[in-house]
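Participant: Compute the structure for the input listed below.
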Amino acid sequence: MKRASLSLVEYDASDEEETQDPAPPPKKRKLPPLSTSLKVPAPIDNPALHQGRVRTHPHVDGQYAAHVYLSLRLKPRNAIYQLLREVISDAKKSVPALQEICKLDEENNGFCKNTELHISLSRPVYLRAHQREDFKREVMQIVKRHKPFPVSFAKFSELVNDEQTRTFLTMEIGAGHHELQSIAVALTPILRSLRQKEYYENPRFHASVAWALLDRGSPQLHVAGTQAEESIFAVEPPDSNAPYPPAHGPGSEDSFPSVPHFPIDLVSRLNELYGEQLISTKVGLFDAEHITVKIGRDTFLWRMVG
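Facilitator: Purely as a prediction, here's the structure:
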């Protein structure tokens with residue numbers, strides 16, 4: 001009996017693969033758009049929103065601007081509050097472009113009810129998010145090592161920022177200068193560790209009370225000091241004998257009023273008329289008890305205990 005022969009059919013591997021259709025790749029699903037309420041708009045440097053002021057340090061995501069300063073709270077019953085009303089009103093007759101640090105309002109006879117004067121103890125400091133707590137902690141320890149002390153104002157001055165975009169009417173510090181410098185110097189190690197600029201070697205501590213934009217085409221101002229608050233130093237007007245030109249107004253090339261400098265006699269006249277009141281103990285003397293740190297929009301206050 002013959003055996004039935006089995007015929008074998010060979011298949012090539014490539015033939016087998018061809019007979020199997022590959023599965024289509026899964027389709028990628030698009031995520032729904034992020035709600036506009038969750039989006040954080042990037043800051044827009046628009047001088048029109050800030051009375052013509054221009055940002056001097058570009059915005060960086062995740063970076064926070066910080067500032068250490070001594071704060072003096074003003075209230076309508078304060079003698080210095082009443083003095084500043086007179087001084088600013090007088091100065092604006094010569095410099096209509098002058099802007100108050102505290103904007104005037106009509107409800108309180110042209111001057112805001114509550115405001116603060118700041119005496120800077122640091123330049124602007126720029127921190128990353130993870131550096132904020134360390135910076136706060138270091139400043140707090142420095143503050144607690146100092147005792148409260150008296151501070152007085154000595155005279156009115158004109159100071160200009162490093163960028164020469166604004167000129168300021170300020171009150172310079174007399175008594176308390178040594179203590180303020182001690183705090184500023186104590187901040188140096190933490191600032192250097194963060195690769196930030198320390199305060200000035202020969203600081204002129206002051207509180208700014210009003211400012212004006214400087215003409216962009218003004219001659220270079222002559223530096224008469226080495227100090228800045230927001231980067232501020234004392235200056236001389238470029239030509240003391242030149243007539244004082246009117247400020248630019250709406251419709252001009254610059255949309256905000258500006259000046260080449262304060263009139264040459266403005267500061268001396270203010271000191272002559274109001275200087276005695278400013279240096280009197282009833283007006284220009286106060287106790288420094290707290291130091292303030294502002295980081296971004298957050299403000300922290302610590303009492304000096306020594």
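
Participant: How about the contacts made by Val185?
Facilitator: Tyr199 (Cβ atoms under 8 Å, 6 or more residues apart in numbering). In short, each C-beta sits where N, CA and C put it, glycine included.

Participant: Following element in sequence after the helix or strand where it lies, please.
Facilitator: Under the criterion of DSSP states H and E, Val185 resides in helix 177-186. Remark: after helix 177-186, the chain's next helix or strand is helix 188-193, criterion DSSP H and E.

Participant: how about that next one: buried residues?
Facilitator: By 16 or more other Cβ atoms under 10 Å, the buried positions in helix 188-193 come out as Ile190, Leu191.

Participant: And the contacts of it?
Facilitator: Here helix 188-193 has contacts from Ser122, Val125, Asp134, Phe135, Glu138, Val139, Lys197, Glu198, Tyr199, using Cβ under 8 Å, 6+ apart.

Participant: who does the residue nearest to Tyr69 when sequence neighbours are not counted bridge with?
Facilitator: What sits nearest to Tyr69 in space, not counting adjacent residues and going by Cβ to Cβ, 6 or more residues apart in numbering, is His118, at 4.5 Å. With DSSP bridges as the criterion, His118 is bridged to Ser71.

Participant: Now for His118, how many residues are close by?
Facilitator: 18 (other Cβ atoms under 10 Å).

Participant: now Arg195
Facilitator: 7.

Participant: Compare the contacts of helix 188-193 and tell me which is most surrounded.
Facilitator: Val139 (25 neighbours).

Participant: Please narrow the contacts of helix 188-193 to those residing in helices.
Facilitator: Taking DSSP state H, the ones among the contacts of helix 188-193 that sit in helices are Asp134, Phe135, Glu138, Val139.

Participant: Adding pLDDT and distance to Trp211, write these out as CSV.
Facilitator: Formatted as CSV, those follow (pLDDT from 0 to 100; distance: Cβ to Cβ, whole Å):
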residue, pLDDT, distance to Trp211
Asp134, 95, 33
Phe135, 97, 28
Glu138, 96, 31
Val139, 96, 27
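
Participant: now the end-to-end length of stretch 170-184.
Facilitator: This stretch, stretch 170-184, spans 19 Å end to end (Cα to Cα, to the nearest Å).

Participant: what comes into contact with it?
Facilitator: With Cβ under 8 Å, 6+ apart as the criterion, stretch 170-184 contacts 70, 117, 119, 121-122, 142-143, 146, 149-159, 198-199, 203-209, 232, 278-279, 284-285, 288, 291.

Participant: Just the buried ones among the residues you listed, please.
Facilitator: 70, 117, 119, 121-122, 142-143, 146, 149, 151-159, 199, 203-209, 232, 278-279, 284-285, 288, 291.

Participant: Narrow these to those in strands?
Facilitator: Judged by DSSP state E, the subset of the buried ones among the contacts of stretch 170-184 located in strands is 70, 117, 119, 149, 151-159, 206-209, 232, 285, 288, 291.

Participant: Could you measure from the closest residue to Gln131 other than its chain neighbours over to Val293?
Facilitator: Nearest non-adjacent residue to Gln131, counting by Cβ to Cβ, 6+ apart: Leu194, 6.1 Å away. In this structure, Leu194 and Val293 are 14 Å apart, going by Cβ to Cβ, to the nearest Å.
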